[in-house]
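*Asks:* Provided below are the primary sequence and the corresponding predicted coordinates.
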Amino acid sequence: MPSALRSLRQEQREVVAAQRADHKTWVEIAALFSSRYGVNRRAAMRMVHDWSQRDAADQWNARWPADPKTFKNFSYWELWPSPTGHAPSLDVLGRLAELYECSVSDLLDDCANFRSTDPAYRNKKNELSRISKGVVSSSDDGEARDLGELISTLELTDVNELARLAAEWSGTLSGSSNRRELLLKLSAGLSLAAASPALADDVKPADSALELSSQREGMTGIWRSRYTYPSSGRGKDFVGEHFVVVRQQGNKLIAQSLPHSTGSSLRIELVVDGSVATGTWRETTSPHGYYKGATYHGTLQLLVDPSTRRMHGMWLGFGREFVINSGQWSLILESSSIGKNAQREYYNKK
């Protein structure tokens with residue numbers, strides 16, 4: 001029996017290694033684990049990190065020693081919603097999301113979803129599918145009408161539904177196309193367009209800007225920037241971290257890294273619209289490191305936590321030979337002060 005358990009654990013490690021080598025996110029691998037091993041998303045997110053429940057509790061306690069947990073807590077949260085489980089609070093879910101590098105919704109992805117019982121949701125879904133299949137008409141008037149309908153429908157459509165439709169559309173392409181790379185390229189192009197200075201002021205003072213000023217104030221501060229990136233030459237993923245000074249100017253965020261122990265530097269420019277921050281990044285790598293001071297840049301889109309103390313999302317950029325790479329990126333507020341004394345505390349830290 002013990003050897004069988006070890007064999008299963010080894011199999012899962014090999015699955016994770018292969019998926020990460022293919023630049024899959026923790027969330028994508030967890031979805032695979034849920035299907036293959038019959039576990040819920042909270043258990044799957046722990047398993048893809050190769051943690052036992054005791055390991056996960058140790059990771060929690062290392063981050064939040066003032067709020068210690070045991071393996072039993074993780075067992076109860078993973079058993080929920082069965083009668084023997086305990087429902088995790090929103091605070092717990094937020095910390096689990098930070099621990100597993102995902103969103104709160106990813107931990108509840110397998111829970112009940114009754115949106116399809118809403119007639120308006122079904123009608124909108126059917127309308128979007130109809131328009132997306134025939135947006136180009138034989139006449140100019142027909143094309144303009146369908147395009148206008150598409151734009152109106154997109155404005156009201158959930159991003160998860162858009163993702164599903166995009167994946168469905170990519171499935172109709174010929175097998176010779178690299179569909180994943182095409183979708184990433186489209187996403188990169190749209191993110192660059194959204195971050196264009198020409199669109200930065202494309203908000204209505206009476207609604208979007210007012211909502212932003214009331215809900216997204218106080219994002220100036222020192223933040224810990226953390227992202228994962230693939231290295232084709234070394235055959236595995238790595239983590240890049242910087243402490244950055246973020247300055248807020250209305251709905252714009254400008255982040256510049258503090259002096260780094262390796263000599264690398266990072267600049268991020270974002271435009272915040274509601275709970276989404278979209279923009280660009282540019283990094284000059286360490287002159288003494290593997291990339292010898294090379295400069296890379298790309299696009300970035302992050303979800304802003306309601307507390308405005310955390311942002312997480314994905315980056316896109318071109319690597320060597322113009323291959324599109326992507327990975328997770330998070331920003332966590334460390335200090336609301338950006339004074340000289342506060343900045344010095346984070347100099348040359350990794």
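*Replies:* Cool, the structure landed.

*Asks:* So, low pLDDT: which residues of the stretch 101-250 of the chain?
*Replies:* Within the stretch 101-250 of the chain, the segments meeting pLDDT under 70 span 110, 121-164, 171-217.

*Asks:* got the contact list for the nearest residue to Ser52 once chain neighbours are set aside?
*Replies:* In space, and not counting its chain neighbours, Ser52 is closest to Phe71: 7.3 Å by CB to CB, 6 or more residues apart in numbering. No exception for glycine: its C-beta is placed from N, CA and C like everyone else's. Taking CB atoms under 8 Å, 6 or more residues apart in numbering, we find Phe71 in contact with 52-54, 56-57.

*Asks:* repeat that for 6 Å
*Replies:* Phe71 makes contact with 53-54, 57 under the criterion CB atoms under 6 Å, 6 or more residues apart in numbering.

*Asks:* Among those, name the ones in strands.
*Replies:* Among the contacts of Phe71, the subset assigned to strands under DSSP state E is empty.

*Asks:* Walk me through which strands the strand or helix carrying Val271 pairs with, and which way each runs.
*Replies:* Using DSSP states H and E, the element containing Val271 is strand 265-273. Strand 265-273 has the following sheet partners, assigned by DSSP bridges: strand 252-257 (antiparallel), strand 276-284 (antiparallel).

*Asks:* returning to what we had before: so what does the residue nearest to Ser52 look like in phi/psi?
*Replies:* Dihedral pair for Phe71: phi -60, psi -30, per degrees, to the nearest 10.

*Asks:* can you pull out the helices in the stretch 201-350 of the chain?
*Replies:* Using DSSP state H, counting those that start in this stretch, the helices of the stretch 201-350 of the chain run over residues 210-215, 340-344.

*Asks:* meant to ask about the stretch 51-200 of the chain
*Replies:* 53-63, 71-79, 90-100, 104-107, 119-133, 140-155, 159-170, 179-194.

*Asks:* circling back: in TSV, list the strands paired with strand 265-273 along with mean pLDDT.
*Replies:* Shown next, in TSV, are those (pLDDT from 0 to 100):
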stretch	mean pLDDT
strand 252-257	93
strand 276-284	91
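
*Asks:* among these, which is nearest Arg95?
*Replies:* Taking CB to CB, strand 276-284 is the member of the strands paired with strand 265-273 nearest to Arg95, at 21.7 Å.

*Asks:* Return the set of buried residues in the closest one.
*Replies:* For strand 276-284, the neighbour count (16 or more other CB atoms under 10 Å) marks 276-281, 283-284 as buried.

*Asks:* now the helix or strand containing Glu11: mean pLDDT?
*Replies:* Glu11 belongs to helix 2-21 when assigned by DSSP H and E. For helix 2-21, mean pLDDT rounds to 78.

*Asks:* Over to stretch 80-89?
*Replies:* 88.

*Asks:* How many residues are close by His288?
*Replies:* Look at His288: counted by other CB atoms under 10 Å, it has 10 neighbours.
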